[in-house]
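Asker: Need the 3D shape of this:
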Amino acid sequence: MQKKNLIVFDIDGTLTDTVHLHQVAFKKGLQSIGVGAFNDAFSTYKHHTDLHIAKVIYESSTGNSFLPTTIHTFETFLYEEIKQATIQEINGAKKLVEKLEQHSDFGVCFATGSLYQPAVLKLNRIGIAFDPLQLVASNTIEERENIVNQAINNAKQYYNTPYFERIIAVGDGLWDLFTAKNLALEFIGIGNSNREIMQANGMLHHFEDLQDFTF
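Answerer: Numbering: from 1, shown residues only. Next comes the predicted model:
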């Protein structure tokens, strides 16, 4: 089905209530691949993605390159840790995605700073069905802007359209807002954790969760 418009969803904190869960697993995962003490103020890193943050920490701590084999080991650890937990949706997430797909001219895609396996797990756990083309994670991409651009390009292929009239990015973090601004996309903020700082940086539209989401 062709779609005229597109919504690009972040996952952690936007569709799934997994920010703290992911960060705890992430810290354990770094230790599992031989990292010692590190700066866990993750918002201070240049790019807010698993690949970038883990690469910077791992390489500075061990002196070794963050090779694909190490990334895979780290990703698998994250997946196994997160798999043991209960994963809840942000209220209204599944219903909203289904409504958009089935009853609107908006397509959907998912652009996440997470690595791929944990992202798939989270969406599966809350019952969101998707095609692999609709999900782009950070396994080979450090910059959030490039992740979102790849997700948009994939969505054009998935929905068989060369162009979207409107593209709206939806996220819970300041990094999501900045990414949308850098790509000249509309933006809607979700959740209260970063609401004030996002408003201070120009966020115009915000919802506490996805139950009453409009655009």
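
Asker: C-alpha only now, for contacts and for neighbours.
Answerer: OK.

Asker: Low-confidence bits of this structure, can you list those?
Answerer: Within the chain, no range satisfies pLDDT under 70.

Asker: Can you show me the strands along the chain?
Answerer: Secondary structure of the chain by DSSP state E: the strands cover 5-9, 106-111, 135-136, 167-171, 186-190, 206-207.

Asker: can you list those strands in CSV and add distance to Val35?
Answerer: Below are the strands of the chain laid out as CSV (distance: least, C-alpha to C-alpha, whole Å):
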stretch, distance to Val35
strand 5-9, 31
strand 106-111, 27
strand 135-136, 27
strand 167-171, 30
strand 186-190, 33
strand 206-207, 38
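
Asker: how about the ones you listed in CSV, adding mean neighbour count?
Answerer: Output for the strands of the chain, formatted as CSV (neighbours: other C-alpha atoms under 10 Å):
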stretch, mean neighbour count
strand 5-9, 23
strand 106-111, 25
strand 135-136, 26
strand 167-171, 24
strand 186-190, 23
strand 206-207, 18
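
Asker: Show me the one of those that comes nearest Leu121.
Answerer: strand 135-136 (12.0 Å; C-alpha to C-alpha).

Asker: any idea how far the residue sitting furthest away from the middle of the chain is from Gly34?
Answerer: Centroid-distance maximum for the chain: Gly63 at 28.4 Å, with C-alpha atoms, centre = their mean. Noted for Gly63: a distance of 11 Å to Gly34, by C-alpha to C-alpha, to the nearest Å.

Asker: Likewise for Phe77?
Answerer: Relative to Gly34, and taking C-alpha to C-alpha, Phe77 is found at 13 Å.

Asker: More neighbours: the two, which one.
Answerer: Phe77 (21 against 10; other C-alpha atoms under 10 Å).

Asker: burial count for the nearest residue to the more buried one once chain neighbours are set aside?
Answerer: Take Phe77 and drop its neighbours on the chain: the residue closest to it by C-alpha to C-alpha, 6 or more residues apart in numbering is Gly29, 5.9 Å away. By the criterion of other C-alpha under 10 Å, Gly29 has 21 neighbours.
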